[in-house]
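>>> need a structure here:
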Amino acid sequence: MLDINFNKNTHIQKYQKHHFTKCLLLFRTNTPNFFAKEEELLLKYYLQNKNINYYILLEEQKIIAAGGYGLNKKEN
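Prediction:
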């Protein structure tokens, strides 16, 4: 499992299903400034996929950022 430490209080780790609700709440704090409300459905679908590349940034055990990437099998 990926776990990168920046210091004793901040690190990146791979997304796990128990992060789902907190990641959605974080997404909503960026809506509508950076994301359209309709994009939340896409995020939910993506986070429920078994083979995703999504990571969270924790500071003092609190998720402060999240992000990932997807590959289109037809084009990559």
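>>> can you tell me the helix or strand for residue 32?
Assigned by DSSP states H and E, residue 32 falls within no helix or strand.
>>> Let me see the ranges of the strands in the chain.
Using DSSP state E, the strands of the chain run over 3-5, 10-14, 53-59, 62-69.
>>> which one of these is the most hemmed in?
The highest average neighbour count among the strands of the chain, using mean count of other CB atoms under 10 Å, belongs to strand 53-59 at a mean of 17. Heads up, the C-betas are built off the backbone N, CA and C, glycines and all.
>>> quick one, what contacts residue 59?
Going by CB atoms under 8 Å, 6 or more residues apart in numbering, residue 59 touches 9-10.
>>> how about 10 Å then?
Neighbouring residues of residue 59 by CB atoms under 10 Å, 6 or more residues apart in numbering: 6-7, 9-11, 65.
>>> which one of these sits closest to residue 24?
Using CB to CB, residue 65 comes nearest to residue 24 of those, at 13.9 Å.
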